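Colleague: when you get a sec, could you give me coordinates for this:
(2 chains)
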Amino acid sequence: MKKGDQFYKVFNNCFISIRKNYLLWLMVLPAVIEVFIFHYIPIYGIQLAFREYDFSTGGFGGKWVGFKYFTQFFNSYQFKNILWNTFFISISNILIGFPVPIILAILINQLRHQRIKGILQTTVYMPHFISTPVMVGLLIVLLAPNTGIISRFLNMIFGIGSLNLLGEPKAFVPLYVLSEVWQHAGWNSIVYLAVLSNVDLELYEACRVDGGGRWHIIRYVELPVLVPTMLILLILSLGNILSVGFEKVFLMQNSLNIRASEVIPTYVYKIGLLSAQFSYATAIGLFNTIINFTFLSIGNRIAKRLTGWSLW
Amino acid sequence: MKGLSILRHKKASDIISDLFIYIMCALVFIIIAYPLYFVVLASISDANLVALGQVTLYPKGFSWFAYQKIFEDERIWIGYRNTIFYTVFGTLFNLFLTLPAAYALSRKEFGPRHKLMFYFIFTMFFSGGLIPTYILIKKLGLENTPWVFIVPFSVNIYNMIVTRVYFETSIPQELFEAAMLDGCSHLRFFLKIVLPLSKPVISVIALYYIVGHWNDFFTGLIYIRDASLVPLQLVLRDILISNLVFKEGVGLGGAAGGYAQRYADAIKYALIIVASLPVLILYPFLQKYFEKGIMLGAIKG
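Modeller: Have a look, this model is predicted:
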C-alpha cells in the first residue's frame, strides 16, 4: 500500500511540474526528440553488432551471433595494421598537436604591439575554416612532385623534391600530423590565450621585481596558470585516442599509401557502406567506441585525482 | 599586454628575447600566410610559369584562364547552389531547435534541467556509430534527399551549452522577475526580451553552424547519389582530389599528362580560392564573435 502511495506521489509531482512548466517543456521538446531519434536510436542499433543483419527486417531482429564478428575482426589479417595505424596517427597527432598551441599562445601573448598581435592572430586562425576537401586539395597541389612549392622547398633543403610524398607510406603520418598542426594550432591556441589574458598584472610585476627576465615570467607565471586548461584538454584528447577523423584520412588515402593510411573509420566505411557488411562494420565501430570510452573514463579518473576537476 | 610595456627595466637578455620573439612570430606568419598567398598568386598567373617555379612573390603572366574555366563548369554552380540552400535552411533549423532548448535549460525553475543536460551530454561521448546511423537515415527515407543536410544532427550540444551559459549569465534575474510579475509567459519573455538581448551569442553559434554546413563533406559523400543534389564540397573532392578537373576528363585530344596536368593545377588553385571565398571574406569581420564563443564555451563549459 505504502509503496503504491509513494509511486503515486512521484508521478503526481511530475505531472504538476510538467503542467507548471509546460511552456519550457515545449521549448525543449524539439531538441529532445531530435537527439532521441538521431543519437539514441542508433545507440540501440549497436545491438546489430551481435546479430546477423536481416535484410527483410532491416537492422532489428536478425539471428543472434554473439561475438562472431568481433572475433572475425580480431583474426582478420588487416586487424593489426589498421589498429596500429589508427593508434599511431592519433598518438602522433596528440604528441605534436598538443604542445604547439600552447607555445603559440605564449608567443603571441608576448607581443606588445596590439596591431601586430591582431594581425598575427587573424592570420593563424584562418586555416581552421578551410574545409577538409580544400585542405587536402591544397596539400596535393603544393606537394606535386617538382612543381609544388613544398616539393620545391624540400628539394632545396633535402634534395627530395621529385618524390611523390603522398604516395609514400612512410610520409603519410608526418604529412597528416604536420598539416593538422598547420591548420588548427592557431585556433586551438585561443583557449590558452584567453587564460593568459586574464592573468593578474601584479604577478608580472612581482616576477620582474624579483629580477626575472622573460623566460622566468613564462616559466613561473604563465605556464602554471595554463596547467589546469592543459590537463582538461589533454584528457579530452586522450578520450579520442582511437578516434582519427574520417574525412581527412579518407581524402589523403590512395592505393600507394594505403598500407599506412587505413584506419578504423575508413575501414568501417569500406566494409559497412561499400560492401554492405552491416553487422561486421557495426561490431568494429562498437569496438572503437568502447576503447575510446574506456580511455576517457581512465583519463577522467586521473583528472579527478590530480586537479579535482573531472567530466563526470 | 599593456602591463608588460609599463615595465621598462630592459636587460640585455630582454633585448635578445625580444628579437627572438619577433623572429618566431615572423616565421609563424610566413608559414601560415605564404601558402595561402601563393595560391592566390598561382590562380592568376600563367600555368607554365607556376609549374617552373617562376612565381614566388607576385603574379607573372597574368591570366584569368583558371577562373574562366571554373565559371563555365556547371558542376561548380550546382554545388554552390545546393550548399547555399543546405546552409541557409540547415542553420535556420539548427537555431530553431537550439535556442529555445538552451533557454529552457537555463531557467532555474525548470526542475528536470540537470537530468536533461545529462541526456544531451551523454551523446557527446557515446554514439551508435556509422552503420546504425546510416541504416536509420535510410529507413527514415532521408537518404539522397536535400533533407539529410537539414534534419539529422541539427542540435550541436556544444553550441547549446554556450547559449545556455550566455542566457544564464547575461539575462538579469530582475528582468525575468519583473516580466513574470507583469504576467509574461516564458515564451513571450523568450521571444520579446531574451532573443533581442542575445545577438552576440546568436551570431556566434549561427556562424558555427554556418561554417559546419558549408564545409560538410561527409554527409554528401555517404548519402547522396544524385548529381543534382551534390554539395560544393563533393564537387571539390572530385576536382581537387580525384583529379576530374575537366568534365570531359583530363588529357583531351591526346595531350601528354604534363601539359594537361599543368592546366589542371591552375584550375585547382583558382578553385581553392573560389570555394573558400565566402568564409575567408566573412571571417575577418566575424573573428571577434568566434573568439567570444570559444571563451564562453571553454571557460564555462
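
Colleague: for the closest residue to A:Leu234 other than its chain neighbours, give its distance to B:Phe118.
Modeller: Leaving out its chain neighbours, the residue that sits closest to A:Leu234 by C-beta to C-beta, 6 or more residues apart in numbering or on different chains is A:Phe98, at 6.4 Å. From N, CA and C alone the C-beta is placed, and that goes for glycine too. In this view, A:Phe98 and B:Phe118 are 28 Å apart by C-beta to C-beta, to the nearest Å.

Colleague: of the two, who's got more company?
Modeller: Legend: neighbour count by other C-beta atoms under 10 Å in any protein chain shown for A:Phe98 and B:Phe118, higher for A:Phe98 (17 against 10).

Colleague: quick one, grab the pLDDT at the more buried one.
Modeller: Looking at A:Phe98, its pLDDT is 93.

Colleague: what of A:Val191?
Modeller: On the pLDDT scale, A:Val191 gets 88.

Colleague: can you get me a residue count around it?
Modeller: Neighbours around A:Val191, by other C-beta under 10 Å: 22.

Colleague: my guess is it contacts A:Thr229. True?
Modeller: Yes. When contacts are counted by C-beta atoms under 8 Å, A:Val191 is listed as touching A:Thr229 (6.0 Å).

Colleague: any idea which helix or strand comes after the helix or strand hosting A:Gly137?
Modeller: Element membership of A:Gly137, judged by DSSP states H and E, is helix A:132-142. Next along the chain after helix A:132-142, taking DSSP H and E as the criterion, comes helix A:149-158.

Colleague: buried residues, the helix or strand encompassing A:Glu34. List them.
Modeller: A:Glu34 belongs to helix A:22-35 when assigned by DSSP H and E. Within helix A:22-35, the residues scored as buried using 16 or more other C-beta atoms under 10 Å in any protein chain shown are A:23-25, A:27-28, A:30-32, A:34-35.

Colleague: that helix - contacts with which helices or strands?
Modeller: Contact partners of helix A:22-35 among helices and strands, from 3 or more C-beta pairs under 8 Å, 6 or more residues apart in numbering or on different chains; DSSP states H and E: helix B:74-106, helix B:113-125, helix B:186-188.

Colleague: let's see it at 10 Å
Modeller: The contact analysis (3 or more C-beta pairs under 10 Å, 6 or more residues apart in numbering or on different chains; DSSP states H and E) places helix A:22-35 against helix A:2-20, helix B:74-106, helix B:113-125, helix B:157-170, helix B:186-188.

Colleague: how far away from the center of its chain is the helix or strand just after the last one?
Modeller: From helix B:186-188 onward toward the C-terminus, using DSSP H and E, the following helix or strand is helix B:195-197. Taking C-alpha atoms, centre = their mean, to the nearest Å, one finds helix B:195-197 lying 24 Å from the centre of the chain it belongs to.

Colleague: list the contacts for the closest residue to B:Thr87 other than its chain neighbours?
Modeller: Nearest non-adjacent residue to B:Thr87, counting by C-beta to C-beta, 6+ apart: B:His213, 4.1 Å away. For B:His213, the contact set (C-beta atoms under 10 Å, 6 or more residues apart in numbering or on different chains) comprises B:83-91, B:94, B:149-150, B:219, B:231.

Colleague: same check on B:Ala178?
Modeller: B:172, B:184, B:189, B:193.

Colleague: please apply the same query to A:Trp215.
Modeller: Counting by C-beta under 10 Å, 6+ apart, A:Trp215 touches B:13-14, B:17.

Colleague: give me the pLDDT for it.
Modeller: 79.

Colleague: low pLDDT regions in the chain?
Modeller: If you meant another chain, say so; for now it's chain A. Applying pLDDT under 70 to chain A flags residues A:1, A:17, A:58-60, A:161, A:309-312.

Colleague: switch to chain B, that's the one I care about
Modeller: For chain B, the ranges with pLDDT under 70 are B:1-11, B:245-260, B:289-301.

Colleague: which residue is nearest the middle of chain B?
Modeller: B:Val211 (2.2 Å; C-alpha atoms, centre = their mean).

Colleague: what's the answer for chain A, then?
Modeller: Ranked by distance to the mean C-alpha position of chain A (C-alpha atoms, centre = their mean), the top residue is A:Asn240 at 5.5 Å.

Colleague: surely that one touches A:Leu296?
Modeller: Yes. A:Asn240 lies in contact with A:Leu296 (C-beta atoms under 10 Å); the separation is 8.1 Å.

Colleague: residues near residue 36, how many?
Modeller: Assuming you mean chain A. 12.

Colleague: not quite, go with chain B.
Modeller: B:Leu36 is flanked by 18 other residues according to other C-beta under 10 Å.

Colleague: state the distance from it to chain A.
Modeller: Per C-beta to the nearest C-beta, to the nearest Å, B:Leu36 is found 7 Å from chain A.

Colleague: look at that residue and tell me its secondary structure.
Modeller: Counting by DSSP: H, G, I helix; E, B strand; the rest coil, the backbone at B:Leu36 sits in helix.

Colleague: give me every residue that touches it.
Modeller: B:Leu36 makes contact with A:123, A:126-127, A:130, A:138, B:272-273, B:276, B:280 under the criterion C-beta under 10 Å, 6+ apart.

Colleague: save the contacts of A:Trp215 as a markdown table, and put in neighbour count and secondary structure too.
Modeller: Converted to a markdown table, the contacts of A:Trp215 look like this (neighbours: other C-beta atoms under 10 Å in any protein chain shown; DSSP: H, G, I helix; E, B strand; the rest coil):
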| residue | neighbour count | secondary structure |
| --- | --- | --- |
| B:Ser13 | 12 | helix |
| B:Asp14 | 15 | helix |
| B:Ser17 | 17 | helix |
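
Colleague: run the chain-centre distance for stretch A:103-119.
Modeller: How far stretch A:103-119 lies from its chain's middle: 27 Å, per C-alpha atoms, centre = their mean.

Colleague: that stretch and chain B in contact?
Modeller: Yes. Under the criterion of C-beta under 10 Å from any C-beta of the partner chain, chain B is reached by stretch A:103-119 at A:103-104, A:106-114, A:116-119.

Colleague: what comes up buried for that stretch?
Modeller: A:104-111, A:117.

Colleague: can you check stretch B:153-170 too?
Modeller: Residues of stretch B:153-170 classed as buried by neighbour count (16+ other C-beta under 10 Å): B:153-157, B:159-168.

Colleague: keep only those residues that also lie close to chain A.
Modeller: Here is what survives when those are matched to chain A using C-beta under 10 Å from any C-beta: B:153-155, B:157, B:160.

Colleague: could you report the neighbour count for A:His128?
Modeller: Count around A:His128 with other C-beta under 10 Å applied: 17.

Colleague: which non-adjacent residue is nearest it?
Modeller: A:His128 sits nearest to A:Trp187 (C-beta to C-beta, 6+ apart), 3.7 Å away.

Colleague: was I right to think B:Phe189 contacts B:Tyr103?
Modeller: Yes. Counting by C-beta under 10 Å, B:Phe189 does reach B:Tyr103; the two are 8.8 Å apart.

Colleague: and these two? which has more neighbours close in?
Modeller: Per other C-beta under 10 Å, whichever of B:Phe189 and B:Tyr103 has more neighbours is B:Tyr103, with 26 against 21.

Colleague: circling back to that earlier point, columns distance to A:Trp64 on top of the helices and strands packed on helix A:22-35, output as CSV?
Modeller: Converted to CSV, the helices and strands packed on helix A:22-35 look like this (distance: least, C-beta to C-beta, whole Å):
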stretch, distance to A:Trp64
helix A:2-20, 35
helix B:74-106, 37
helix B:113-125, 26
helix B:157-170, 33
helix B:186-188, 48
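
Colleague: closest one to A:Leu166 among those?
Modeller: Taking C-beta to C-beta, helix B:74-106 is the member of those nearest to A:Leu166, at 23.9 Å.

Colleague: picking that back up, redo the ones next to chain A among the buried residues of stretch B:153-170 as CSV? Include distance to B:Phe122.
Modeller: Putting these into CSV (distance: C-beta to C-beta, whole Å) gives the following:
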residue, distance to B:Phe122
B:Phe153, 15
B:Ser154, 18
B:Val155, 13
B:Ile157, 9
B:Met160, 13
